[in-house]
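Student: Let me see the structure of the following:
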Amino acid sequence: MESKIRIVPINVIESAFLDRLGLCLEERYLATVRVERALAVPRSTLNATRGQLFLSTLFARTLRGYPQGEGTLLAITRSTSTRRRIASSTAMPTSNRASRPSRSTRLYPEFYGAEPDANLLFQRTLTECVHELGHAFGLKHCFNPKCSMYYSNSIFEVDSKTPHYCEVCDRRISRTRQ
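Tutor: Numbers count the residues shown, from 1 in each chain. Modelled structure (predicted):
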């Protein structure tokens with residue numbers, strides 16, 4: 001497994017949020033985490049109909065913006081469009097350009113009509129980042145609904161997962177560390 005994770009903020013994301021995320025990922029993966037310079041992405045990468053970023057475009061731009069370097073790239077996006085807030089994460093090992101981008105997940109409580117909740121947003125983001133890094137490190141979806149690698153069809157399933165792997169996935173990812 002890569003011993004370095006490089007977080008790439010897409011456009012503007014609060015540095016305190018990224019620092020907190022980096023610390024959690026360092027602890028979880030026993031890896032060095034570095035927040036890279038932000039990658040500016042124009043509004044043309046936004047699908048106005050769905051209010052989501054075109055992830056294939058985002059994926060290509062991220063790889064072009066950070067072509068060389070050690071570790072795994074973890075792109076974190078936050079965009080606002082037509083009063084919808086969207087956050088997503090995409091992990092890609094820089095040595096494996098065949099990795100596919102993830103689908104965008106709507107993580108903000110406000111999107112569902114709830115009050116803003118910074119801790120809930122952070123937990124959802126951390127869980128999805130662990131999920132995407134799991135894919136980058138070779139894990140597939142899991143059948144355990146508490147495991148971070150469980151495929152989420154809704155925000156309710158994201159909220160029911162933990163930002164950890166189950167025993168089976170943890171053993172699988174541990175094998176890649178050796």
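
Student: what's the distance between Pro163 and Gln123?
Tutor: According to Cβ to Cβ, to the nearest Å, Pro163 stands 7 Å off from Gln123. C-beta coordinates here come from the backbone N, C-alpha and C atoms, glycine included.

Student: mind listing the helices for this protein?
Tutor: Secondary structure of the chain (DSSP state H): helices located at 15-29, 55-65, 118-136, 155-160, 167-177.

Student: Pull out the buried residues from the shortest one.
Tutor: Of the residues in helix 155-160, those scored as buried under the neighbour-count criterion (16 or more other Cβ atoms under 10 Å) are 155, 158.

Student: Could you save the helices of the chain as TSV and add columns showing mean pLDDT and distance to Asn144?
Tutor: Conversion of the helices of the chain to TSV gives the following (pLDDT from 0 to 100; distance: least, Cβ to Cβ, whole Å):
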stretch	mean pLDDT	distance to Asn144
helix 15-29	94	17
helix 55-65	76	26
helix 118-136	92	12
helix 155-160	93	11
helix 167-177	87	7
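
Student: which of these sits most buried?
Tutor: Burial among these, expressed as mean neighbours by mean count of other Cβ atoms under 10 Å, is greatest for helix 118-136, which shows a mean of 20.
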